[in-house]
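Visitor: Give me the fold of what follows.
(chains A and B)
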Amino acid sequence: MKTPSNSIKRRFALKFLRTLVRIRKSTHQPSPSQSSTWEIRRRAQRIKLAAYSSMARTVGSKRAWSRALTMKLRAAMGNRPWSMIKQESKKMTRRKLIAKRKRHMEKDLNSGVQELRRLVPGGQWMDPLSLMQETAHFLRCLETQVRVMRSIVAEGEGFPC
Amino acid sequence: MSSRRSRSRQSGNSRITEDQIADLVSKLQQLIPEIRNRRSDKQVSASKVLQETCNYIRSLHREVDDLSQRLSELLASSDTDSDQAAIIRSLLM
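Guide: The predicted structure follows:
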C-alpha cells in the first residue's frame, strides 16, 4: 500500500504557507479591533479550504481521492472547469454501474464501508479494494496536513505580540 | 494489485472476496492510532476497524476546523509583517 512521503509534507507546507500569505494580504485590517468575529470566522473558512486545496494540489491527479476532492473544491469555490466535469462524468457513469453491482455484494461490513464512502472523497464510486487503498493514502495525507497546520499554529502562538 | 482490480471490473460475476477486504482492512488497522496503541492479542474485527477509521477521519476534520480558526485569529492579531516572515523562514529552513 503506497503511503505519502516527506516530499508531500514539504510541498504541501510551501503551497499552504503561500496561500496563507495571500489570504493575509487580502484580509488584513490596519487595526486588530476592526477584525470582527464574523470576519475571523469567514477567513477561517478560507484557510480551511486553502488547506484541503493545497493538499489536493500537492497530490495532484495521481490518486482518485485527490481528483475527486479537487473537483469538489472547485465547485465550492465557484470555479467550474466544464471540460473536466464532462470528462469525469463519462468515467463516473461506468464506475457507478460497477459500484452498484459491488454494493449488492457487501452485506455485513456494509454500514462501515458505506460510512467510509461518504468520508473519503470520491468514495461513492470506488470498488471496495480501491476504497481501502485510497483511504490509507487519504488518511496519511490528512494527518500530514494536520501536523503542518499544528506546527504553524504553534509557531504563531509562540510569538508574543 | 492493479491487475486484480481490472480483472474484477471486467468480469461482472467475480466476487470481491471477504478475505481480500479483510486483508486490506488489517493493513488499514496499522494506520489508526486508536487501534495501533491498544495492546491486544485479539484480532480486531473488520467492522471495528472501519468504524475507528471513520471516527479518526472525522476527528481530523474537526481538528482542521479548529486549527483554521486559530490561524485566522493569529492573522488578525499579529501586527508586523516581519513576524510572518520569521515564521515562514523558520518553517521552510
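
Visitor: where in chain A is pLDDT low?
Guide: Residue ranges of chain A with pLDDT under 70: A:1-4, A:29-34, A:79-92, A:101-109, A:159-161.

Visitor: per-residue confidence at the closest residue to chain A within chain B?
Guide: Nearest to chain A, among the residues of chain B, is B:Leu50, at 3.0 Å (C-beta to the nearest C-beta). C-betas here are computed from N, CA, C, even on glycine. pLDDT for B:Leu50: 85.

Visitor: what's the distance between it and A:Val148?
Guide: Going from B:Leu50 to A:Val148 by C-beta to C-beta, to the nearest Å gives 27 Å.

Visitor: Settle it for me: which of the two has more neighbours?
Guide: B:Leu50 (25 against 22; other C-beta atoms under 10 Å in any protein chain shown).

Visitor: and the more buried one, what helix or strand is that in?
Guide: helix B:46-77 (DSSP states H and E).

Visitor: what's that helix packed up against?
Guide: Packing partners of helix B:46-77 (3 or more C-beta pairs under 8 Å, 6 or more residues apart in numbering or on different chains; DSSP states H and E): helix A:6-27, helix A:37-59, helix A:110-119, helix A:128-158, helix B:18-29, helix B:33-37.

Visitor: want to try TSV for those helices, with distance to B:Asp65 as columns?
Guide: Putting these into TSV (distance: least, C-beta to C-beta, whole Å) gives the following:
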stretch	distance to B:Asp65
helix A:6-27	15
helix A:37-59	6
helix A:110-119	15
helix A:128-158	11
helix B:18-29	24
helix B:33-37	19
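
Visitor: out of these, nearest to A:Leu69?
Guide: helix A:37-59 (4.5 Å; C-beta to C-beta).

Visitor: tell me the angle the closest one makes with helix A:128-158.
Guide: Angular relation of helix A:37-59 and helix A:128-158 on a 0 to 180 degree scale: 130 degrees, by axes from the mean of the first three to the mean of the last three C-alpha atoms, to 10 degrees.

Visitor: Where does chain A get nearest to chain B, residue-wise?
Guide: Distance from chain B to each residue of chain A (C-beta to the nearest C-beta) is smallest for A:Gly112, at 3.0 Å.

Visitor: Enumerate every residue touching that residue.
Guide: Applying C-beta atoms under 8 Å, 6 or more residues apart in numbering or on different chains, we find A:Gly112 in contact with B:46-47, B:49-51, B:54.

Visitor: and the spatially most central residue of chain A, how far is that from A:Glu134?
Guide: The residue lying closest to the centre of chain A (C-alpha atoms, centre = their mean) is A:Tyr52, at 3.6 Å. Noted for A:Tyr52: a distance of 16 Å to A:Glu134, by C-beta to C-beta.

Visitor: for A:Asp127, same thing?
Guide: A:Asp127 is 10 Å from A:Glu134, by C-beta to C-beta.
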